[in-house]
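K.L.:
Following is a predicted model, sequence given first.
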Amino acid sequence: IYGIILQDVKISGRVSVGGLIGESNNCKIVDSYIEGNVSGVMNVGGLVGYSSKFSVIERSSMKEGNVTGSKRVGGLVGINDKSAIKTSYAEAEVRSKKNNTVGGLVGMNQNASLIINSYSLGNVFGIMTVGGLVGFNKSSTIQTSYATGNVQISGSSIKAHNFFGYGGLVGLSADGMIYNSYAQGNVKGFERVGGLVGLSNKTKIINSYSRGKVEFEGTGANSLLLGGLVGVGLGLKPENSFWSFELSQVDSSYGGENVSDNTLKTKETFDKWDFDKIWYIHDLYNDGYPLLLRHTRDGQNILPPYY
């Protein structure tokens, strides 16, 4: 599917609901975008509800609009299963009031799926497992991607559950990989709240950072379940990754390095990062914080927004 543009869409359904396709199997979508409102119950995405069986989405987007559902809800794709998302983005506000697994770009990224060179800009609202980019990243990879929207709670009730989280980039990541990525939105959750990842279970996090405020919702929460970079972790700890107490207002994390705001704007801080091909830093861009080179005027394959 190439070059499809749909504006002012109003799509609603129950399971596997998308602005362009409800369910894609071994399908390639290129240079297409949607604007409007998409709503459903489960597997709901601005572009595709359920992308599976080695499907590929490339240079495509969900622009202005809203995506709402209950479970596995994403600004671009509800569930990305054994599939890839490349050089794509979502600007929509994403909201779930009843259940979990909600992300600004993808609700659930699972089974050796890939998200690369992609981003989300919209705010994300959910109850459990909520992320600025991805709600739940399971046995999959996120690379050179970012999220700028805030992560917030959309309801007041929550079931007793030990396996959920709220993160600026990813709510929950299990047996996954996150490389060269960042989050800059504020994050608020019940427990397991992190500026980058809420709950990291055996996930490799390398060369990444977060810079949003991190806080609990409600009273009586356990401060040990709150982290500037990673809220709670099991197994692997982040490598060459950073957060700032001045920005997050949290001085602890499951791994990562706590630096000052000014230090987070200094190239020398990131001595093991690749500033030739991957990262870029300049005081005129992104408020002085590092950003991905391909997302600047100076890089190749430029993506909006243009800084």
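P.N.:
Great, that's in hand. Numbers count the residues shown, from 1 in each chain.
K.L.:
got any ranges where the stretch 151-300 of the chain has weak pLDDT?
P.N.:
Counting by pLDDT under 70, the stretch 151-300 of the chain contains low-confidence ranges at 156-162, 218-224, 295-300.
K.L.:
OK, contacts around Ser241?
P.N.:
By C-beta atoms under 8 Å, 6 or more residues apart in numbering, the contact set of Ser241 is Leu196, Ile205, Ile206, Asn207, Ser208, Tyr209, Leu229, Gly255, Gly256, Glu257. Yep, even glycine has a C-beta here, placed from its N, CA and C like the rest.
K.L.:
Please tell me how far it sits from Asn286.
P.N.:
17 Å (C-beta to C-beta, to the nearest Å).
K.L.:
export the contacts of Ser241 to a markdown table and tack on secondary structure?
P.N.:
Compiled in a markdown table, the contacts of Ser241 are given as follows (DSSP: H, G, I helix; E, B strand; the rest coil):
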| residue | secondary structure |
| --- | --- |
| Leu196 | coil |
| Ile205 | strand |
| Ile206 | strand |
| Asn207 | coil |
| Ser208 | coil |
| Tyr209 | strand |
| Leu229 | coil |
| Gly255 | coil |
| Gly256 | coil |
| Glu257 | strand |
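K.L.:
Quick check: of those, which lies closest to Ala90?
P.N.:
Relative to Ala90, the closest of these is Leu196; by C-beta to C-beta it sits at 18.6 Å.
K.L.:
Check which helix or strand Met108 maps to.
P.N.:
Using DSSP states H and E, Met108 sits within strand 106-110.
K.L.:
Likewise for Arg95?
P.N.:
Arg95 belongs to strand 93-96, assigned by DSSP H and E.
K.L.:
Quick check: neighbours of that strand in the sheet, parallel or antiparallel?
P.N.:
Note on strand 93-96: by DSSP bridges, its sheet partners are strand 61-69 (parallel), strand 124-126 (parallel).
K.L.:
Backbone dihedrals for Glu246, please?
P.N.:
When read as degrees, to the nearest 10, the backbone of Glu246 gives phi -60, psi -30.
K.L.:
now it: how far from Arg211?
P.N.:
9 Å.
K.L.:
With neighbour numbers in mind, choose between those two.
P.N.:
Set Glu246 next to Arg211 and count neighbours by other C-beta atoms under 10 Å: Arg211 wins out with 26 against 15.
K.L.:
Test my guess that that one contacts Leu264.
P.N.:
Yes: between Arg211 and Leu264 there is a contact at 6.5 Å, judged by C-beta atoms under 8 Å.
K.L.:
Without its sequence neighbours, what residue ends up closest to the residue nearest to the spatial centre of the chain?
P.N.:
Of all residues in the chain, the one closest to the mean position by C-alpha atoms, centre = their mean is Leu133, 1.2 Å from it. Among residues not flanking Leu133 along the chain, Ala147 sits closest, at 4.0 Å (C-beta to C-beta, 6 or more residues apart in numbering).
K.L.:
Over to Ile34?
P.N.:
Gly19 (3.7 Å).
K.L.:
again with Val48
P.N.:
Closest to Val48 by C-beta to C-beta, 6+ apart is Gly18, at 4.3 Å.
K.L.:
Show the pLDDT at Ala84.
P.N.:
If you check Ala84, the pLDDT there is 98.
K.L.:
likewise Ile116?
P.N.:
96.
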